[in-house]
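**Q** Predicted model, plus sequence, below.
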Amino acid sequence: MTRAPAGPGQLHVPLAERLRPRTLQEVIGQRHLLGPGMPLRLAFESGRPHSCILWGPPGVGKTTLARLMAQAFDAQFIAISAVLAGVKDIREAVERAEAARAGLHAQPTLVFVDEVHRFNKAQQDAFLPHVESGLFTFVGATTENPSFEVNAALLSRATVYVLRPLEEADLQALIDRALATGEMPTPDPAARQRLVVYADGDARRLLNTLEMLAVAARAQARQTIDEAWLLQTLGERLRRFDKGGEQFYDTISALHKSVRGSDPDAALYWLVRMLDGGADPRYIARRLIRMASEDIGLADPRALRLALDAADVYERLGSPEGELALAEAVVYLAVAPKSNAVYTAYKAARAFVARDGTRAVPLHLRNAPTRLMSVLGYGQDYRYAHDEPDAFAAGECYFPDDVTPPRFYEPVARGLEIRIADKLAELRRRSAEATRQRRTEKDDKTS
C-alpha cells in the first residue's frame with residue numbers, strides 16, 4: 001500500500017496516524033488473531049460484533065482494530081480515554097448509543113475505552129447494564145493483565161484477545177510502508193536493523209522515530225540514513241519497559257527463575273534487560289537479597305552476604321560502575337548450591353502459628369528479672385546450654401508444654417546443609433536418648 005505524501009493540510013498529522021490501516025488487509029502483525037481461520041478474523045467475517053478486551057503492549061494495533069471493527073459492522077464509533085474520562089462521559093456515550101439505535105437507520109454503536117484498566121470499579125460497572133442489554137458493543141484496550149485490572153463482571157461479558165509485539169518482519173514491512181510516502185531518506189541495512197531494535201515491537205514508536213529522523217535529515221540535506229548518523233541523532237533511548245506494569249514483573253520473574261535454575265547466562269541476560277529497560281538497580285539489588293534467602297539459604301550462607309555487599313557497592317558507586325557488583329552477585333547466586341529449606345520451614349511455621357491458639361510460654365523459658373517472678377517459678381529448671389556438654393541441653397523442650405514438637409526445618413543434601421543435616425541428626429539422636437533415659441528414671445521412681 002502506498003500513501004501520498006502529506007499535503008499542506010496534513011503536515012500536523014503524525015505519520016503514525018496517516019499510516020493507520022483503513023482495512024483489515026492493511027494490518028501488519030497479529031497473524032495469530034487475524035490470519036485465515038483465526039479467532040478475531042472469524043469475528044470480523046461473521047458480521048456479528050461482540051464485546052472484547054484487546055490486551056497487549058503499546059503500539060501493536062489495539063485502537064486500529066477497534067476502529068476497523070466499527071467500520072466492519074457499520075457501527076457508530078465512540079472513543080473514550082479512561083485517563084481523562086469519567087462517569088459523565090460514559091453517560092454521554094450511552095445517550096449517543098440510544099439516539100443512534102432510535103434513529104431512522106437504527107445504527108449500532110461500538111464504544112472503545114482506551115486504557116480501560118485506569119477506570120475504577122464503579123466506572124467499569126457503569127458499562128455492565130448496557131453491555132448486557134446489547135445497547136452497544138464494548139471494546140476495551142489495556143496494556144495490563146485484565147485478570148487483575150478489569151472487573152470480573154465486565155470480564156465475563158467480553159472475550160479477551162492477546163495482542164503481541166510486532167515481529168522483526170512486521171517492523172521491516174512497516175519501514176517499507178513509511179518509505180513509500182516519499183517523505184524520508186532511505187536507511188541502509190544496518191540503520192534499518194537498528195531501527196527495528198529501537199522500536200522493540202512497537203509500531204507507533206517506529207513510525208514516530210522515522211518521522212523525527214526525516215525532519216533531522218531534511219535539516220541536514222541528507223539523502224540517506226546510515227547507522228552512525230542514526231545513533232548520533234537518536235542518542236541513548238530505552239527499550240519499552242513499564243516500571244510497574246506486567247512486563248516489569250514478568251522480567252524480574254524471569255531473572256529470579258534463571259537464578260533458581262542455576263543458569264548464570266540467562267540470569268545475566270535478564271539482569272541486563274532490566275537495566276537496559278530503566279529498572280531501578282536498587283530494586284534489583286533488593287530482589288537479589290530475596291533470592292539469596294529464598295533459593296540458596298543455608299546451602300551457601302555467603303550468598304546472602306554477597307547480595308548485601310552488592311547492594312552496598314551499588315549505593316557507593318551508582319551506575320554504571322555499581323552495576324558490575326549486581327552482575328557478580330547474579331552469577332554467584334546462579335551457580336551457588338540451592339536450598340529452599342529455610343523458606344519452606346518459615347512458611348510452615350507461619351501456617352502452624354496461624355491455625356494454632358496462643359499458647360503460654362513454659363515457665364522454664366520465661367525471664368525472671370524480679371523476685372516475684374522467681375517466686376512464681378519463672379525460669380525454674382531452665383538448663384543453660386553453655387553449662388551442658390558440647391553446649392547442648394540434650395532432651396530439653398523449647399515448645400509450649402502441650403505441643404507435640406513439629407519439625408519445620410529439613411535441610412537438603414546440597415552445600416553446607418549436608419553438614420547441617422548431619423549435625424541436626426546427631427543433636428536429635430542425643431535428645432531422643434536423653435528423653436528415653438529421663439522416662440526410664442521416672443518409671444523406676446514410680447515402680
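**A** Noted; the coordinates are in hand. Numbering: from 1, shown residues only.
**Q** Find me the pLDDT at D444, would you?
**A** In this model, D444 is scored at 68, pLDDT.
**Q** so what's the closest residue to H117 other than its chain neighbours up against?
**A** In space, and not counting its chain neighbours, H117 is closest to E149: 3.5 Å by CB to CB, 6 or more residues apart in numbering. For the C-beta atoms, the positions are set from N, CA and C on the backbone; glycine is no exception. Residues in contact with E149 (CB atoms under 8 Å, 6 or more residues apart in numbering) are V116, H117, T142.
**Q** which one of those is nearest L34?
**A** T142 (19.0 Å; CB to CB).
**Q** what's the burial count for the nearest residue to that closest one once chain neighbours are set aside?
**A** Leaving out its chain neighbours, the residue that sits closest to T142 by CB to CB, 6+ apart is H117, at 4.5 Å. Counted with other CB atoms under 10 Å, residues neighbouring H117 total 20.
**Q** What of the one 4 residues further on?
**A** Burial of K121 is recorded as 11 neighbouring residues (other CB under 10 Å).
**Q** Just the closest of the contacts of E149 to P36, please.
**A** Of those, the one sitting nearest to P36 (CB to CB) turns out to be T142, at 27.0 Å.
**Q** I'd assumed C52 was in contact with that closest one.
**A** No: with contact defined as CB atoms under 8 Å, T142 does not reach C52; the gap is 11.3 Å.
**Q** sorry, back to before: can I get the contacts of E149 in a markdown table including pLDDT and distance to T404?
**A** Formatted as a markdown table, the contacts of E149 follow (pLDDT from 0 to 100; distance: CB to CB, whole Å):
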| residue | pLDDT | distance to T404 |
| --- | --- | --- |
| V116 | 93 | 53 |
| H117 | 91 | 49 |
| T142 | 94 | 51 |
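**Q** tell me the SS of the residue nearest to T142?
**A** Local secondary structure at H117 is given as helix here, using DSSP: H, G, I helix; E, B strand; the rest coil.
**Q** With C52 as the reference, measure out to it.
**A** 15 Å (CB to CB, to the nearest Å).
**Q** which residues in the stretch 301-447 of the chain form helices?
**A** Counting by DSSP state H, counting those that start in this stretch, the stretch 301-447 of the chain has helices at residues 302-317, 323-335, 341-355, 371-375, 417-446.
**Q** Most tightly packed of the ones you listed?
**A** Counting by mean count of other CB atoms under 10 Å, helix 323-335 has the highest mean neighbour count of the helices of the stretch 301-447 of the chain, with a mean of 20.
**Q** So for the helix or strand D176 falls within, what gets flagged as buried?
**A** Using DSSP states H and E, D176 maps to helix 168-179. Neighbour-count burial for helix 168-179 flags D170, L171, Q172, L174, I175, R177, A178, L179 (criterion: 16 or more other CB atoms under 10 Å).
**Q** shouldn't the first one be in contact with V27?
**A** No: contact status for D170 versus V27: not in contact, 9.8 Å apart, counting by CB under 8 Å.
**Q** Name the nearest residue to A391, sequence neighbours excluded.
**A** A391's closest residue in space is A385 (CB to CB, 6+ apart), at 5.1 Å.
**Q** Tell me the confidence at the one you found?
**A** So A385 comes in at 90 (pLDDT).
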